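>>> Okay, predicted coordinates and the sequence, questions at the end:
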Amino acid sequence: MTSASLLGWALAGLGAGVVFFTLLRRTVCLYVDHRWPLGIALHLARWGLLVALLVLAARAGPAPLLLAAAGVLAARLGLVRTWKTGSR
């Protein structure tokens, strides 16, 4: 596997992580606003996205799986730090 394709997996994980954790934040807001049907739909959609990416990465091999997961974790770290400072 080339380094470019491995970088692609890391970037895919980063993108999926940003979407996943942004939707998590939105889902919590929907639950708080008592709009739970839409919250449940978003909850299922974000997990479906993440599972699909990680299954594809696992089928490609151990290195793509690890890099995709690292991308997801990097997105979490970046978003949590951004949200703690009050930026949106």
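Yep, it's here.

>>> Please make it C-alpha for all contacts and neighbour counts, starting now.
Noted.

>>> Help me confirm that A10 comes into contact with L73.
No - contact between A10 and L73 fails when scored by CA atoms under 8 Å: they sit 10.3 Å apart.

>>> neighbour-wise, which of those two wins?
Counting neighbours by other CA atoms under 10 Å for A10 and for L73 shows that A10 has the greater number, 24 against 16.

>>> List the contacts of that one.
Counting by CA atoms under 8 Å, 6 or more residues apart in numbering, A10 touches 64, 67-71.

>>> mind listing which of the residues you listed are in helices?
64, 67-71 (DSSP state H).

>>> ok now the lengthiest helix in the chain, how far from the chain's centre?
In terms of residue count, the longest helix belonging to the chain (DSSP H) is helix 3-32. Its chain's C-alpha centre lies 2 Å from the corresponding centre of helix 3-32 when counted by CA atoms, centre = their mean, to the nearest Å.

>>> Skipping adjacent residues, who's closest to the most centrally placed residue in the chain in space?
Centroid check for the chain by CA atoms, centre = their mean gives G17 as the closest residue, at 2.2 Å. Leaving out its chain neighbours, the residue that sits closest to G17 by CA to CA, 6 or more residues apart in numbering is V72, at 4.1 Å.

>>> ditto for R46
Here the residue nearest R46, using CA to CA, 6+ apart, is F20, at 5.3 Å.

>>> Neighbours of the one you found, how many?
F20: 23 surrounding residues under other CA under 10 Å.

>>> For it, give its distance to W83.
F20 sits 15 Å away from W83, going by CA to CA, to the nearest Å.

>>> Likewise for V32?
Noted for V32: a distance of 18 Å to W83, by CA to CA.

>>> what sits against the nearest residue to L11 once chain neighbours are set aside?
Spatial nearest neighbour of L11, excluding adjacent residues (CA to CA, 6+ apart): G71 at 6.4 Å. When contacts are counted by CA under 8 Å, 6+ apart, G71 touches 10-15, 17.

>>> that older thread, there's contact between the residue nearest to the centre of the chain and G78 in this structure, I believe.
No - assessed by CA under 8 Å, G17 is found out of contact with G78, at 10.0 Å.
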